[in-house]
Each structure stands twice: as C-alpha cells, then as structure tokens.
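Visitor: How does the following fold in three dimensions:
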Amino acid sequence: DGADRMEKIVAAAKKEGTLTLYTTIAEKDLPAIVKPFEQKYGVKVNVWRAGTDKVLQRAVTETRAKKYEFDAVHFGAPEMEALSREKILQAVASPVHKDLLAGSVPSHREWASTILSVWVQAYNTQAVKKEDLPKTYKDLLDPKWKGKLGIEAKNDDWFATVVHQMGGEQQGLKYFQDLVAKNGISPRQGHTLLNNMVVSGEVPLALTVYSYMPEQAKKKGAPIDWFAIEPAIARANAIGVARNAQHPAAALLFYEYLLGPDGQNALVSLDYVPTNTKVASPLKGVKIVTTDPVRSLDESGKWSKLYEETVLKKAGS
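Guide: Residues are numbered from 1 along each chain as shown. Below you'll find the predicted structure:
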C-alpha cells in the first residue's frame, strides 16, 4: 500500500512505456494535462479525441469485437456508467478516492470523477443590481424577473436535479410550471450563446451557464458577473481503466495522476473545477451537487420530454 504501491505501479508503467487514452477533452487543453505526466514518468500518452457519442461508440464497438485498443477513457459520468454496464471497465481500489468530493466514485469503483462542469447563474451587471439577485429558485417567481430569464435548451439533467432538490418530482415540476407561466423563460441553443446574450443584455439573467464562461468574459471587461443559487448543480467527467487494457499499469498510473494533486492542478490551470478536495477550486465555498449519472442514463428520455413540455414548449408563450 501507499508509497510502495505507487512505486510498483510506476516501475510497471515505465516498462510498458505507453498508454492509449480515448477522451472528449478539448484539443487545446490536452498538452497541459498530458505533457507533465509524460515528463514526470517517461510514459507516452497516445490520445484519440472525439465527441461523447463517438468515444462511447468506439469503446463499445472495439471491445465487442475483442479489439483492445484503449487503456483508459475519460468523458461524461453517465457514459462511463454505460461502459461499466457493458463490462468494459475494471474496478480500481485507489487511496486517492478518499480525497475526492462525495459521490465521485460509485460503489463498483469502475470510474472516478475528475472534473465538474458547474452550472451557475449569470447576469448583466448593467441590467441587474447585485442586491436584487435571487437567493433561492423561489425568488425567481418575483414579477421583477418577468421577461428577463434565459436558459440553455438541452439542460434536462440540470432540470431533473433541481426538480429533485425541491422536495420531489411533483413540487419541482409545479415550481417550473409556475415560473414559466408567471415570468417566462427564454431557451437558447448552447451555453456559449446564452452567455453572450447576457453580455449583450438580451438575456439579463441566465439560469444555466458553465461557471468558467462568465468568469472569462468578466476578466475581459464584459458587463457580466455570476452567482450560484445553492446547491449549484454540476455534471461530472470521469476516468476509467479498461478491463482488457494492453498497458494496465500505465493506464492505472494515468488514473492516479489525473485524480491526484498533479493532474488536478493541471486541470485547475485550465479553469476546470476539480473533484480532489485537497486542491484549491475556482469555486471555493460554493456548495455543489452532481447530477446522478444513473438517472441521466436510465431516465434521459423521460427528463428531456418533461423539460421540453414544462419549459421549452411553454417558454415562448
């Protein structure tokens, strides 16, 4: 265990010399994550990068065909859960798990969350006064928000989580029905677009943008700021090791690296929100709840339909 375990993993990984990673991480962010690992351990990381659906499809198709090309995979937690069900991942018992935020590692231990995409609320600082900001979702029912609210059109897992946070499905759905009926919500395709509309003032208050977006725009001098109605809702990305990895030690070493201080600090330098509680987070002090990957996987049809019927269809009326 401990140092001895790590020494053994490093020695075995160096012998293997390489690993193949399938991931959805943005191309521009990969060097900052991969280079420090390669330099520290002398193990080469071959990366294949694509969108979520393609990574999922390729991992499943290759494994079914007994073509074991990848050693580690990194993308959304619901998709990792899908790979786990296909028996594509292996369980890992890592000492680093205890340092991660609650809910980061499922009981089967076949994946672990590395970063969080956290939804926050953003507002135009010329259109909305800081002292007027809502403290709770219920505050949004105030008539002063009529015609001022925007939301991203595909945020059904955010929606499902907020609904459940409100004391259950019935109450949660009723709240959104009331909000849409009283004040209206304008849906927009894409978080970047929604964030830009807050900057332009077209949407004075957006309910769902990723935390780094208004922060980056604010740093450039745009009239935007953000706050979080707590608990803030987050979607996790996660890492897993392939059950049939051809470079199992190298894959495990990369897993340990990405969840440990070195990898987590590399991710923070790119404005990602870390899951390791020992690493300083850009959202320090904000209470966060993650979307349930099992619910996202099993009930996505139900929630996208409810989101459409409750928010999107009624929004324009």
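Visitor: Do a quick rundown of the strands in the protein.
Guide: Using DSSP state E, the strands of the chain run over residues 18-23, 44-49, 72-76, 112-124, 149-152, 186-188, 205-210, 224-227, 232-241, 273-274, 288-290.
Visitor: hmm, who's touching the fifth one?
Guide: Residues outside strand 149-152 that contact it (CB atoms under 8 Å, 6 or more residues apart in numbering) are 140, 179, 183-191, 194, 197-198, 203-209, 311, 315. (Glycine included, C-beta is placed from N, CA and C.)
Visitor: same question, the shortest one
Guide: Contacting residues not belonging to strand 273-274 are listed as 114-118, 211, 234, 264-265, 267-268, 281-283, 288 [CB under 8 Å, 6+ apart].
Visitor: And those, which is the shakiest by pLDDT?
Guide: In this model, the minimum pLDDT among the contacts of strand 273-274 belongs to Pro282 (89).
Visitor: Next up, the contacts around it.
Guide: Pro282 touches 211-212, 215, 268, 271, 273, counting by CB under 8 Å, 6+ apart.
Visitor: Same check on Thr136?
Guide: Applying CB under 8 Å, 6+ apart, we find Thr136 in contact with Ile229.
Visitor: In terms of pLDDT, where does it sit?
Guide: Reported pLDDT for Thr136: 97.
Visitor: same deal with Lys314?
Guide: Looking at Lys314, the pLDDT reads 76.
Visitor: and it, how many neighbours?
Guide: Residues lying near Lys314 (other CB atoms under 10 Å) number 16.
Visitor: same question, Ala82
Guide: Neighbour count of Ala82, defined by other CB under 10 Å: 17.
Visitor: what's the closest non-adjacent residue to it?
Guide: Excluding the flanking residues, the one nearest Ala82 by CB to CB, 6 or more residues apart in numbering is Leu297, at 5.9 Å.
Visitor: what about the one you found, neighbour count?
Guide: With other CB under 10 Å as criterion, Leu297 counts 17.
Visitor: repeat for Tyr255
Guide: Using other CB under 10 Å as the criterion, the residues surrounding Tyr255 number 25.
Visitor: Any figure for the gap between it and Lys87?
Guide: Using CB to CB, to the nearest Å, Tyr255 is found at 18 Å from Lys87.
Visitor: go on, Val96?
Guide: Look at Val96 and Lys87: by CB to CB, they are 24 Å apart.
Visitor: Kindly report the same for Arg243.
Guide: Going from Arg243 to Lys87 by CB to CB gives 7 Å.
Visitor: before we move on, back to that, let me have the contacts of Pro282 in TSV, extended by distance to Ala228 and neighbour count.
Guide: As requested, those are arranged in TSV below (distance: CB to CB, whole Å; neighbours: other CB atoms under 10 Å):
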residue	distance to Ala228	neighbour count
Ser211	8	24
Tyr212	13	19
Glu215	12	18
Val268	18	17
Asp271	16	14
Val273	12	24
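Visitor: from the residues you listed, which single one is nearest Tyr41?
Guide: The closest of the contacts of Pro282 to Tyr41 turns out to be Val268 (CB to CB; 20.3 Å).
Visitor: wait, Met166 sits on Tyr137?
Guide: Yes - contact between Met166 and Tyr137 holds when scored by CB atoms under 8 Å: they sit 7.2 Å apart.
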